[in-house]
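J.: sharing a model that was predicted from the sequence below.
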Amino acid sequence: MTTDQALREATCRWARRRNRLIAYGQWQPFVDAEPARQHVLTIRANTGMSLANLAAVTGVGIGTLQHLIYGCTGYPPARQIRPESSTALLDYWPTLDDYINGAVVDATGTRRRMQALATMGWVSAAVQKRIDFISVRAVSNLKGRDLVTARVARAVRDFYQTVCGSPAEAHGVAPAVAKQARSHARKNQWAGPSTWDDDTIDDPQATPEWTGHCGTMRGWKAHREQDIPMCAACQAACDRKQEREQARALCGAASSLDGQVAA
C-alpha cells in the first residue's frame, strides 16, 4: 500500500466513524477547553514543566497546548478542544521524576524514608555523605517541614531503594553510630522499611503496616506479643473494643435494673 492509499483509507475510516456517530447523535468534535486548561496550569504551577515536556509525556501536540494556554496570533486561548486531547491531558498527573529540580513537593515520603533508614542504622550525616550534593540540613529535622525540593526527594528515594534491604553497617556505617540511630528511631517509634509499600509511603493519609493486621485486635495483640511500638490504628481498634464492651455492660445493667423494678 502506497502512502497516498494509506491516507485515503484513513480519511475514509474517519469519515465513516463521523457519519456513524452523527447518525447515533453522539458526534462531539469539541469539548469545553477550560477543565483541561486549568489542569495544565495546575501541573505547571506545581512542577515547573514546560509545554514541550508536557507535550512529550501526554502525546498532545505542542501547538495544541500553546493555543490552549496562550491562544494564537490575534486569537484568545482556545474555548474548545478535541475530546481526545482533553482526555489525554486530564488523565495525566506528573510523577516525582517529572518535576524540575527546584520544584517543591510534599515532604511526607522523604520524611518517612529518612525515618525508616534510621531504623536500619542510618544517621542524616551518613546519608548526606553518600548524596554529596545535598546538605545534612536538607535531610534532617524533617518533622516540622511540609515541603522539600524535588531534587532532594528523588535523591532520598533512590538512596533508600538502594540500601533499605540491609543494615547500615553493611554500607560502612560505624556500629556505634548505627546503634545510636536505631535507639533514636525506636524512641520516636519510627516505622521501618518493612512497614511501608511503594504505593503507601508517599501517601500522607496512609499509615504503616507494622503487623500485617494493623487496625484490628489481632494487630493490637501482635504489637504486645512482639514488643512492637503500638501504632495509632491498632490503639484505635482496642479503644473501639473497649467502648463496645462498656456499652454492652451498661445495657446489661439497665436490663437487670428493669427486671428488678418489674418484679
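T.: Received it, and whenever you're ready, just let me know what you need.
J.: all strands of this protein, in order?
T.: Secondary structure of the chain (DSSP state E): strands at 31-32, 80-81, 104-106, 147-149.
J.: do a quick rundown of the helices in the stretch 51-200 of the chain.
T.: For the stretch 51-200 of the chain, the helices defined by DSSP state H, counting those that start in this stretch occupy 51-58, 62-69, 83-90, 108-119, 124-130, 136-139, 150-163, 175-187.
J.: circling back to that earlier point, adding mean pLDDT, mean neighbour count and distance to Leu250, write the strands of the chain out as CSV.
T.: Every C-beta, even on glycine, is put in place using the N, C-alpha and C of the backbone. Shown next, in CSV, are the strands of the chain (pLDDT from 0 to 100; neighbours: other CB atoms under 10 Å; distance: least, CB to CB, whole Å):
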stretch, mean pLDDT, mean neighbour count, distance to Leu250
strand 31-32, 90, 14, 57
strand 80-81, 90, 18, 62
strand 104-106, 87, 17, 44
strand 147-149, 87, 18, 48
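J.: could you export these as CSV, including distance to Thr95?
T.: Conversion of these to CSV gives the following (distance: least, CB to CB, whole Å):
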stretch, distance to Thr95
strand 31-32, 26
strand 80-81, 24
strand 104-106, 10
strand 147-149, 16
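J.: do you know how far Val57 is from Phe159?
T.: Applying CB to CB, to the nearest Å, the value for Val57 to Phe159 is 25 Å.
J.: which of those two has more neighbours?
T.: Neighbours per residue, other CB atoms under 10 Å: of Val57 and Phe159, the larger number sits with Phe159, 19 against 14.
J.: excluding chain neighbours, what is closest to the more buried one?
T.: In this structure, Phe159 finds its nearest non-sequential neighbour in Ile131, 5.7 Å apart by CB to CB, 6 or more residues apart in numbering.
J.: ok, that neighbour touching Arg154?
T.: No: with contact defined as CB atoms under 8 Å, Ile131 and Arg154 do not form a contacting pair (10.0 Å).
J.: just give the number of residues close to Ala247.
T.: Other residues near Ala247 number 10, with proximity taken as other CB under 10 Å.
J.: which pLDDT value belongs to it?
T.: On pLDDT, Ala247 comes in at 80.
J.: any regions of the chain where pLDDT drops low?
T.: For the chain, the stretches with pLDDT under 70 are 1, 133-144, 252-263.
J.: hmm, try it at 80
T.: Scanning the chain for pLDDT under 80 picks out 1-5, 14, 18, 21-22, 25-28, 132-145, 210-215, 219, 222-232, 249-263.
J.: now do stretch 114-129: distance to the chain's middle.
T.: Relative to its chain's centre, stretch 114-129 lies at 22 Å (CA atoms, centre = their mean, to the nearest Å).
J.: that one: end-to-end distance?
T.: This stretch, stretch 114-129, spans 14 Å end to end (CA to CA, to the nearest Å).
J.: contacting residues around Arg82?
T.: Arg82 makes contact with Pro29, Phe30, Val31, Thr64, according to CB atoms under 8 Å, 6 or more residues apart in numbering.
J.: how near is it to Ile22?
T.: Distance, Arg82 to Ile22, by CB to CB: 16 Å.
J.: can you get me a residue count around Met65?
T.: Actually, residue 65 is Leu. It isn't Met. When counting by other CB under 10 Å, one arrives at 23 neighbours for Leu65.
J.: contacting residues around it?
T.: Per CB under 8 Å, 6+ apart, neighbours of Leu65: Val40, Leu51, Leu54, Ala55.
J.: export those to TSV and tack on neighbour count and distance to Trp14?
T.: Output for the contacts of Leu65, formatted as TSV (neighbours: other CB atoms under 10 Å; distance: CB to CB, whole Å):
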residue	neighbour count	distance to Trp14
Val40	22	26
Leu51	18	27
Leu54	21	26
Ala55	17	23
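J.: for Pro94, state which of these is nearest.
T.: Leu54 (8.8 Å; CB to CB).
J.: the closest one contacts Val60, doesn't it?
T.: Yes: contact criterion CB under 8 Å: Leu54 and Val60 qualify, at 7.5 Å.
J.: can you tell which of the strands of the chain is closest to Cys214?
T.: Ranking those by proximity to Cys214 (CB to CB) places strand 104-106 first, at 22.6 Å.
J.: nice, that's everything, thank you.
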